[in-house]
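Asker: I need the structure of the sequence given here:
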Amino acid sequence: VSVVVSTEVSTNTMSVGHSHGTNTAADWIRIFISLFLLGFSIVIVMVLISTGNTKLARDVHPAAAAIIMWAGIIWMSMVEGGQCSMVGLPPIDRELYKESHPITYNICSNGHKGDNLDRYLMGRQFMVIFINFTISLAGAPLAGASVLGLPSWITKIFLDSGIAMVLTNVIIGQLTSQVNASHCMLDYINTHFMTFTYWVAAIIEVTGVMHTSYLIRYMAYWAAGKPVESNEPPKTELQNFFFFGRVFWSLAILGFALAVTLEALFKGQTALWEGVPETIGLILFFVLMSVVGLLEGMQIAFFTVAKLPKSERGDAPVAMKTCECLFKNGGRNLPGFMCGRQMTVTLCFFIIARVTTIQVEEGEDNIFGVSDPIQNFFNTGFLGAIITTILGSISWQLVASAFPIAFLSNPIVYVFLQLALALEATGICYAAWFLALIQKWIMGYQYDEVYVGTPEDRAEGKHADDPDALNNLDMGTNVIQQPVGTHELPQSFLQKFGDTDYSRRREELIQEIIRLREQERTAMNEDYRSIYRHQLKQAVEGMKALNNEEDDIRGDTTTGSRSDDDVETGGDAKSGEVYDLSYD
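Answerer: Model prediction:
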């Protein structure tokens, strides 16, 4: 069993640990560059809108387009941050925060009952894609648009590729909220803005538009020979009639959406770039949906594989190599992957929105000869959002949950993991750290342990966390979650994929302790200092566990287990090296 210590403060997107956050001069250089790119992107997007060079700005009004875009980004921040809280809080006894966070209590009372969390996540997934599509309509440039007399190469990089919109949306609308919501779950959703967001997602699920996903879930689990488990009693005949009625309704909507979108693609009546052949547009549509699906399914597969016993993980070399890369060294690559994944997925959403958004100009033949009001509805991008949600997102998550080893055995998954890590390593999204500090200060967010303590505190107070609360959860985009009140990845992940090179692991722990001591000394405030102090203590205790583990495995009975004094000085009888590792 591997004993490794995570130094991450956010396991969903970024981390306060090594090479992430606001700890070093290099971090602040990345933040400055990222802020400059973000500011530049916002300026050119707003100028683009003000000059009527986006679809909504041209067809409605520039002011309306600007309001819709920023409303979408603000709402996206609650949708993304809210999910971190909704997925992270189920193990916690709600009575612990009933008085301090009444709105959070009411939301979780409904959202964590039965299978309601799965229902919320399904409705929320459609919201994410539809909001992205709407933001694209408001801020994506029309063909041939240019602003501020910028050189053509800058225009191509920031406008034509969608990078400007992606930076604006991802940093402000997604990563900033996830950084704070990952560890301030209770405070983040203790607002009626989240109440509104939750019920919109719930209503979307009730309509049945996404119910094809349930059929895909049944098919995937049947193929895998797994039962479809539920937190609710079996459905009655009436409930089954209503459920499968919505499944067929959803299938009909999906089929119609595909027919309309493909017809528009073949007729050249979408927002696809001028000069791109319709066949290429069709290929691009399915390729990008596959990319989104891979990235959406990857973290579900990681989560599922980490819960499997070794005997069930087999010897799939590519799958194990992928998981080891993600979780090694205390899981430092996980937040990097989540950040890079977020950027890539959002960029794909914007391109898919452009490929699938129907654009029938006045005087042109309507799709299938429908009336103008119906054609105007087609032009909203709603149908493209339905296709992308079901076929490009939820379906892949469900398949990855049913076949995690097979999914991760695909070499392309490993390639995309490396690409996501490389994208995050550029530091292009580091502005989110600075904005998260500002948001935390303005909103007065507190870490969850301030209200409900650590998992150990809750266990001592007879309010132990429920370890099975998320057992039947198989959709969502940030399901790898640290326990509430901690700032480390769960050992259940790290122990699955640890190495057995004790000398190397011991040296890594020593360097980790040295680094943590320095970060504690230079921390910007007491909140961060207390985090590093706690992690330093955990690292020293991890050293003791590592030494004892090695003795047990090697059968070292001649010298016995090392003393606490040896541990706190990093004593290694086999190497003769001694380090001062005390943390008091």
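Asker: what about the helix or strand containing L137, distance to the chain center?
Answerer: In the assignment (DSSP states H and E), L137 maps to helix 116-139. Relative to its chain's centre, helix 116-139 lies at 13 Å (CA atoms, centre = their mean, to the nearest Å).
Asker: for it, what is the average pLDDT?
Answerer: Throughout helix 116-139, pLDDT has a mean value of 87.
Asker: next one: stretch 434-441
Answerer: Per-region confidence: stretch 434-441 scores 89 on mean pLDDT.
Asker: please identify the buried residues of that stretch?
Answerer: F434, L435, A436, L437, Q439, K440 (16 or more other CB atoms under 10 Å). Every residue, glycine included, has its C-beta placed from N, CA and C.
Asker: which residues sit against that stretch?
Answerer: With CB atoms under 8 Å, 6 or more residues apart in numbering as the test, stretch 434-441 has contacts from T22, I31, L35, I171, I172, L175, T176, S177, V179, N180, C184, Y445.
Asker: if we use 10 Å, what do you get?
Answerer: 10, 13-14, 21-22, 27-28, 31-32, 34-35, 38, 77, 81, 171-172, 175-184, 187-188, 432, 445-447, 524-525, 527 (CB atoms under 10 Å, 6 or more residues apart in numbering).
Asker: so where is the stretch 401-550 of the chain shaky, pLDDT-wise?
Answerer: By pLDDT under 70, the low-scoring segments of the stretch 401-550 of the chain are 465-505, 549-550.
Asker: if you set the cut-off to 80 instead, what comes out?
Answerer: Filtered on pLDDT under 80, the stretch 401-550 of the chain yields the residue ranges 401-402, 424, 454-509, 512, 516, 519, 523-532, 534-535, 538-539, 541-550.
Asker: what segments of it are helices?
Answerer: Secondary structure of the stretch 401-550 of the chain (DSSP state H, counting those that start in this stretch): helices at 404-408, 411-425, 431-443, 449-452, 455-460, 491-494, 502-522, 526-554.
Asker: so which of those is the most packed in?
Answerer: Counting by mean count of other CB atoms under 10 Å, helix 404-408 has the highest mean neighbour count of the helices of the stretch 401-550 of the chain, with a mean of 22.
Asker: mind saving the C-alpha coords of it as PDB?
Answerer: The C-alpha trace of helix 404-408 is given here as PDB (Å, rounded to 0.1, in the frame of the first residue of the first chain):
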ATOM      1  CA  PRO A 404     -13.700   1.700 -17.100                       C
ATOM      2  CA  ILE A 405     -10.800  -0.600 -17.900                       C
ATOM      3  CA  ALA A 406     -11.700  -0.900 -21.600                       C
ATOM      4  CA  PHE A 407     -12.200   2.800 -21.800                       C
ATOM      5  CA  LEU A 408      -8.800   3.600 -20.300                       C
END
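Asker: which strands and helices sit next to that helix?
Answerer: On a contact count with 3 or more CB pairs under 10 Å, 6 or more residues apart in numbering; DSSP states H and E, helix 404-408 meets helix 278-307, helix 310-313, helix 317-331, helix 395-402, helix 411-425.
Asker: so which bits of the host helix or strand of I154 are buried?
Answerer: Element membership for I154 (DSSP H and E) is helix 152-155. For helix 152-155, burial by neighbour count (16+ other CB under 10 Å) applies to T155.
Asker: could I get the CA-only coordinates of the helix holding L137 as CSV?
Answerer: C-alpha atoms of helix 116-139 as CSV (Å, rounded to 0.1, in the frame of the first residue of the first chain):
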residue,chain,number,x,y,z
ASN,A,116,-32.1,13.1,-7.3
LEU,A,117,-28.4,13.9,-7.5
ASP,A,118,-28.1,11.9,-10.8
ARG,A,119,-31.2,13.7,-12.1
TYR,A,120,-29.7,17.1,-11.1
LEU,A,121,-26.4,16.2,-12.9
MET,A,122,-28.2,15.2,-16.0
GLY,A,123,-30.2,18.4,-16.2
ARG,A,124,-27.1,20.4,-15.3
GLN,A,125,-25.1,18.8,-18.1
PHE,A,126,-27.6,20.1,-20.6
MET,A,127,-27.5,23.6,-18.9
VAL,A,128,-23.7,23.7,-19.3
ILE,A,129,-23.8,22.9,-23.0
PHE,A,130,-26.8,25.2,-23.7
ILE,A,131,-25.3,28.1,-21.8
ASN,A,132,-22.0,27.6,-23.8
PHE,A,133,-24.0,27.6,-27.0
THR,A,134,-25.8,30.8,-26.0
ILE,A,135,-22.5,32.5,-25.0
SER,A,136,-21.1,31.5,-28.4
LEU,A,137,-24.1,33.1,-30.2
ALA,A,138,-23.5,36.3,-28.2
GLY,A,139,-19.8,36.6,-28.4
